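Colleague: build me a model:
(one chain, ligands or ions: 1)
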Amino acid sequence: MAKFDFDLFTIGAGSGGVAASRRAAAFGASVAIAECVRVGGTCVLRGCVPKKLLVYGTHFAEEMQDARGYGWTVEGRLDWGALIAAKDRELDRLHGIYLRMLTEANVTVLGGHATIAGDNTIEIGGRCYRARHILVATGGRPQRLEIPGADLAIVSDDALMLPALPRRVAIVGGGYIAVEFASIFRAAGAEVTQVIRADQILRGFDREVRDHLAGEMEKRGIRFLRGRNLARIEAAGPARRLVLDDGIALDVDCVMMATGRRPNTEGLGLEAAGVSLDKRGAITVDAWQRTTAPGIHAIGDVTDRINLTPVAIAEGRALAETLFNANPTRMDHADVPTGVFSQPPVAMVGMSEERAATLGAIDVYRTVFRPMKHTLSGRDERTLMKMVVDGSSQRVVGIHMVGADAPEIIQGLAIAVRAGLTKQDFDRTVAIHPTAAEEFVLMREPVRRLARQAIN
Ligand SMILES: Cc1cc2nc3c(=O)[nH]c(=O)nc-3n(C[C@H](O)[C@H](O)[C@H](O)COP(=O)(O)OP(=O)(O)OC[C@H]3O[C@@H](n4cnc5c(N)ncnc54)[C@H](O)[C@@H]3O)c2cc1C
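Modeller: Residues are numbered from 1 along each chain as shown. Okay, here's the model as predicted:
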């Protein structure tokens, strides 16, 4: 009798777990994957994909307004229910594709809540399996503020399934999910107020990017209440009353808490298995995705490092290379590009000006301009593009953009930053005209040169 049922048992069929399992199976490993909700995980079913479909779906409002400046007569009204139904059909299709990809890769898919039940042992649905390696890829879930009435708020999972568009929405939180949903609801026609604890949205992003995006969102009618904490939520019939810590009350039809996410580490038997967690409850791993328990690995959001789909996938593939292809591979978390699908969108790769300036002298290049499209549409929108360059080596260490197609443009430029290209390499590159992206190779003079700054 074989000692193990599987070479690899993955708990969680989200982005990371599916990628690791398929790659391991391709290397000849026998693999099982357990999933307690639906194969696909957060990205496909409750995150990136449905969100982006709602971004596309609601952005038509702007397109129709802009078309008028080009001679079109267009009027449109969004049928929110039809948008949600279309989105759900697409998620069902994707779920089917994920399931098929796993079975075609010879990965055994087991439905149910899996737990670690002993050395090399996983229990699911009352059955135990033994595996040479266990991979925990259980992701995370939305976290609510611990305040009275918190249950009266929805979270991102619910926001993606709302049967009707609320007329007045309050979004609590200033991170990327909060900003994206504020944009979706506003573009769909709701009155939107975003309540943030800090003085500005998107903590951790470049300061000019944060200010510029907030300005553009305000032009679209989103109201920010900055530097406020939510004290409680009360029900007022079907409406909701938000009471802030300064006593201000706000009546809305829907409150969405976008106040962070928490790793799914409870009820997995991790403590008994000797897997250490950090103070936020995330699994601690080394550069090889190894936990503190031999034979147990972890990847993706459950490790709370860079919580993005492509990162979870890359971690999963690196692990499969290491374990099953005799190719020890560490995941490199440097210069991971990221996008925020607000309206207008944001994207960046590398360091913010503030961060880079703490490491050495820098040159900052920046341009703010009205995109050509809006000369005729009449829309009062400005695009921001910014490059942060190391003062001595002239290496480009950060690129930032707020404006149409920013994530599409920065994806390409991320290669340049990863490759360590210099400002002179950008200068030598011929522009594609007329585009917005050409500005990235046309910025000639820095707007400022900064000596190294002390860390605050
Ligand atoms: C609203 C929203 C928008 C986002 N937008 C983006 C974006 O635009 N771009 C981007 O890169 N990232 C985005 N993300 C983040 C991205 O979705 C995650 O980083 C990614 O899904 C993490 O993958 P994962 O494999 O670690 O976990 P998940 O995808 O969360 O998968 C974990 C899976 O494990 C299952 N599970 C948990 N416990 C058990 C158990 N005990 N037994 C069996 N199964 C279990 C869960 O049901 C889940 O399916 C977004 C997230 C959210 C919430």
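Colleague: can you check my assumption that residue 193 lies in a strand?
Modeller: Yes - counting by DSSP: H, G, I helix; E, B strand; the rest coil, residue 193 is located in a strand.
Colleague: how many residues are close by residue 48?
Modeller: Residue 48 has 17 neighbouring residues, counting by other CB atoms under 10 Å. In short, each C-beta sits where N, CA and C put it, glycine included.
Colleague: ok, the closest residue to it other than its chain neighbours to residue 139 distance?
Modeller: Counting by CB to CB, 6 or more residues apart in numbering, residue 48 lies nearest to residue 309, which is 5.7 Å off, once chain neighbours are set aside. Computed as CB to CB, to the nearest Å, the residue 309 to residue 139 distance reads 10 Å.
Colleague: do the same with residue 20
Modeller: For residue 20, the distance to residue 139 - CB to CB - is 13 Å.
Colleague: cool, and residue 284?
Modeller: Between residue 284 and residue 139 the computed distance is 16 Å (CB to CB).
Colleague: could you check which of these two has the larger neighbour count?
Modeller: Taking other CB under 10 Å, residue 284 and residue 139 do not tie; residue 139 has more neighbours (26 against 14).
Colleague: where does that one fall, phi/psi-wise?
Modeller: Backbone torsions for residue 139, taken as degrees, to the nearest 10, come to phi 70, psi -150.
Colleague: residues contacting residue 357?
Modeller: Contacts of residue 357 were listed using CB atoms under 8 Å, 6 or more residues apart in numbering, and they are 450, 452-453.
Colleague: list only buried entries from the residues you listed.
Modeller: 450, 453 (16 or more other CB atoms under 10 Å).
Colleague: give me phi/psi at the closest residue to residue 394 other than its chain neighbours?
Modeller: Leaving aside its sequence neighbours, residue 394 sits nearest to residue 422 (CB to CB, 6+ apart; 4.3 Å). The phi and psi torsions at residue 422 (degrees, to the nearest 10) take the values phi -100, psi 170.
Colleague: also residue 269?
Modeller: Summarising the backbone geometry of residue 269 under the convention degrees, to the nearest 10, its torsions are phi 80, psi 20.
Colleague: residue contacts, it?
Modeller: Residue 269 makes contact with 115-117 under the criterion CB under 8 Å, 6+ apart.
Colleague: one more time with 10 Å, if that's ok
Modeller: Residue 269 makes contacts with 114-118, 121-123, 275, as judged by CB atoms under 10 Å, 6 or more residues apart in numbering.
Colleague: which of the residues you listed are buried? Put it as a PyMOL command.
Modeller: A single PyMOL command selects the buried members of the contacts of residue 269 (16+ other CB under 10 Å):
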select buried, resi 114+115+116+117+121+122+123+275
